[in-house]
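Enquirer: take this sequence and fold it.
(one chain, ligands or ions: 1)
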Amino acid sequence: MAIRNNHQKSRGLWNTRFGFILAASGSAVGLGNIWKFPYIVGQNGGGAFVLIYILCTIVVGLPIMLAEFTIGRKTSLNPVGAFQSLKPKSHWVKIGYMGVLAGFFILSFYAVVGGWTLAYVVKAFTHTMSNFSSPKEAGQFFGSFIANTWEVLFYHALFMAICVGIVLRGIHGGIEKACKVLMPTLVIILIFLMFRALTLPGAMEGIEFYLKPDFSKIGPQTILIALGQAFFSLSLGMGCMLTYGSYLPEQENLTSATVYVVIFDTIIALLVGMVIFPAVFAMGLEPTEGPSLVFSVLPAVFVGMPFGNLVSIVFFTLLAIAAITSGISLLEVVVAYFIDQRKWDRKKAVLVTSVTIFAFGVPSGLSFGVLSEAKLFDMNFFDHVDNIASNYLLPLGGMLTAIFVGWVWGTKSAEEEIEKHETKFHWGHVWGFLIRYISPVAVFLVFFAKFV
Ligand code: PFF
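Expert: The predicted model follows:
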């Protein structure tokens, strides 16, 4: 026990349960909720997609998150060390390596988009975007911004530097402290924006599109997209929640923490929809714009609104905060690997990994400018890295984690860990069923559907 405690202390621990929940929620709530979720809903028919998404979150996401927290707390290690210590000298350690690699890949392009959000905060502050006369103009502005090599690189580097500044300070002093300030700010901003959007004339049409399910729009492809989005949004499948769980002291209640984080992440995504769809419909625009919805449609929407520039500043600040609290969690997964497995100190681990991730992200940053013609199978570098990580590594990692906990390490051992310092885990049998049968099969079917 004393050895474990010393080991834990030297790696760092969350100071409070609330701090841990905020940090894990900070990881979950990110560009996935504010940038991806609305455009995916817009492209996939609105309300019906939202229902399928919620179902995927509860049936597949929630059990896997609990599994990741449990492995993390049991082992107090990074993903590679964790699988190694639960099943020494087996191939299962590869799930851990896949996770670290996924963290590396995702952060490399996530930081590019994070950089765009920082740039838009600056542009909103300096009133650069206050005279668009149409979404087309806003779209052209966005297009020429992301094609500008030096500007994109500058903000990309700035985003990485902010993440480095936080992760360097460690778990309690860096990540937990930052999230304790940033997450409540994010919630306040979101509520402010929702009131602004809902009081716009014509807002109700947007709410109807968003909340009224039309099941004729649902097909296998929709379920596939919903499941992928659930993984990305909940930060699952790459050991990120495992790593955050590894900084938990033993007495924490894992099941309730999981439920809080899942509910928080889902509510934030749903609220973001309550901001974006009323605004888009009130301004007579289409919600099917795709990835550029937030960057090229919203600035035009804001221009037409009373107090539009203020709303624009506030919205992009929200986006930047969400991106930062997720970016630090991605960096922490890679950093934790080098600290635990390679015995590097935190400073060396943070600096070496972040510079490497930044360098690998440069072609992603340039994918909409000088490298926009460099395409393979009709996708640029950015699209490929996103595709490999989000559509393959995360679901595959999630499926293997579920199989590992359900069948290899065993739900019995996992439940013992969950119950260690808690009262009885009443939902244990339901969770056991989901993690053994439903989660892996659901992910498998999604993969299968993709290749057929
Ligand atoms: N959950 C984050 C988002 O919704 O933007 C993205 C993410 C963070 C994915 C951390 C995976 C991860 F490990």
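Enquirer: enumerate the residues of the stretch 151-300 of the chain near the ligand.
Expert: Phe232, Ser233, Ser235, Met238, Cys240 (C-beta under 6 Å from any ligand atom). C-beta here means a position set from N, CA and C on the backbone, and glycine is covered the same way.
Enquirer: now, which of those residues lie within helices?
Expert: Residues of those located in helices (DSSP state H): Phe232, Ser233, Cys240.
Enquirer: top of the residues you listed by number of neighbours, please.
Expert: Cys240 (29 neighbours; other C-beta atoms under 10 Å).
Enquirer: list the contacts for that one?
Expert: By C-beta atoms under 8 Å, 6 or more residues apart in numbering, the residues touching Cys240 are Ser27, Glu68, Gly99, Gly103, Ser329, Leu330, Glu332, Val333.
Enquirer: thinking again about what came up before, and the residues of the stretch 151-300 of the chain next to the ligand as a markdown table, adding pLDDT?
Expert: Formatted as a markdown table, those follow (pLDDT from 0 to 100):
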| residue | pLDDT |
| --- | --- |
| Phe232 | 93 |
| Ser233 | 95 |
| Ser235 | 96 |
| Met238 | 95 |
| Cys240 | 97 |
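Enquirer: out of these, which one sits closest to Cys163?
Expert: Lowest distance from Cys163 to these (C-beta to C-beta) belongs to Cys240, with 13.8 Å.
Enquirer: what's the spacing between the closest one and Gln140?
Expert: Distance, Cys240 to Gln140, by C-beta to C-beta, to the nearest Å: 36 Å.
Enquirer: likewise Ala449?
Expert: Using C-beta to C-beta, Ala449 is found at 37 Å from Gln140.
Enquirer: taking the stretch 251-400 of the chain, what residue is nearest to the ligand?
Expert: Ser326 (4.1 Å; C-beta to the nearest ligand atom).
Enquirer: ok but that residue is inside a helix, no?
Expert: Yes. Under DSSP: H, G, I helix; E, B strand; the rest coil, Ser326 sits within a helix.
Enquirer: ok, now which ones touch the closest residue in space to it that isn't next to it in sequence?
Expert: Of all residues not flanking Ser326 in the chain, Gly30 sits nearest, at 3.1 Å (C-beta to C-beta, 6 or more residues apart in numbering). Residues in contact with Gly30 (C-beta under 8 Å, 6+ apart) are Tyr110, Ser233, Ser235, Ala322, Ala323, Thr325, Ser326, Gly327.
Enquirer: most neighbours out of these, which is it?
Expert: Using other C-beta under 10 Å as the neighbour criterion, Ser235 leads the contacts of Gly30 with 32 neighbours.
Enquirer: wait, that residue touches Gly327, no?
Expert: No. With contact defined as C-beta atoms under 8 Å, Ser235 does not count as touching Gly327 (11.4 Å).
Enquirer: how about Asp345, nearest residue that isn't a chain neighbour?
Expert: Leaving aside its sequence neighbours, Asp345 sits nearest to Ile339 (C-beta to C-beta, 6+ apart; 7.4 Å).
Enquirer: no wait, Val335
Expert: Val335 sits nearest to Ala349 (C-beta to C-beta, 6+ apart), 4.6 Å away.
Enquirer: for Ile162, same thing?
Expert: Ile324 (5.8 Å).
Enquirer: any idea how many residues pack against that neighbour?
Expert: Neighbours around Ile324, by other C-beta under 10 Å: 22.
Enquirer: pLDDT at it, what is it?
Expert: For Ile324, the pLDDT comes out at 95.
Enquirer: also the one 10 residues further on?
Expert: As summarised for this prediction, Val334 has a pLDDT of 97.
Enquirer: enumerate every residue touching it.
Expert: Here Val334 is in contact with Val100, Gly103, Phe104, Leu107, Thr353, Ile357 (C-beta under 8 Å, 6+ apart).
Enquirer: would a markdown table of the residues you listed with distance to the ligand, secondary structure and pLDDT be doable?
Expert: Output for the contacts of Val334, formatted as a markdown table (distance: C-beta to the nearest ligand atom, whole Å; DSSP: H, G, I helix; E, B strand; the rest coil; pLDDT from 0 to 100):
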| residue | distance to the ligand | secondary structure | pLDDT |
| --- | --- | --- | --- |
| Val100 | 11 | helix | 97 |
| Gly103 | 6 | helix | 96 |
| Phe104 | 11 | helix | 97 |
| Leu107 | 8 | helix | 97 |
| Thr353 | 15 | helix | 98 |
| Ile357 | 13 | helix | 98 |
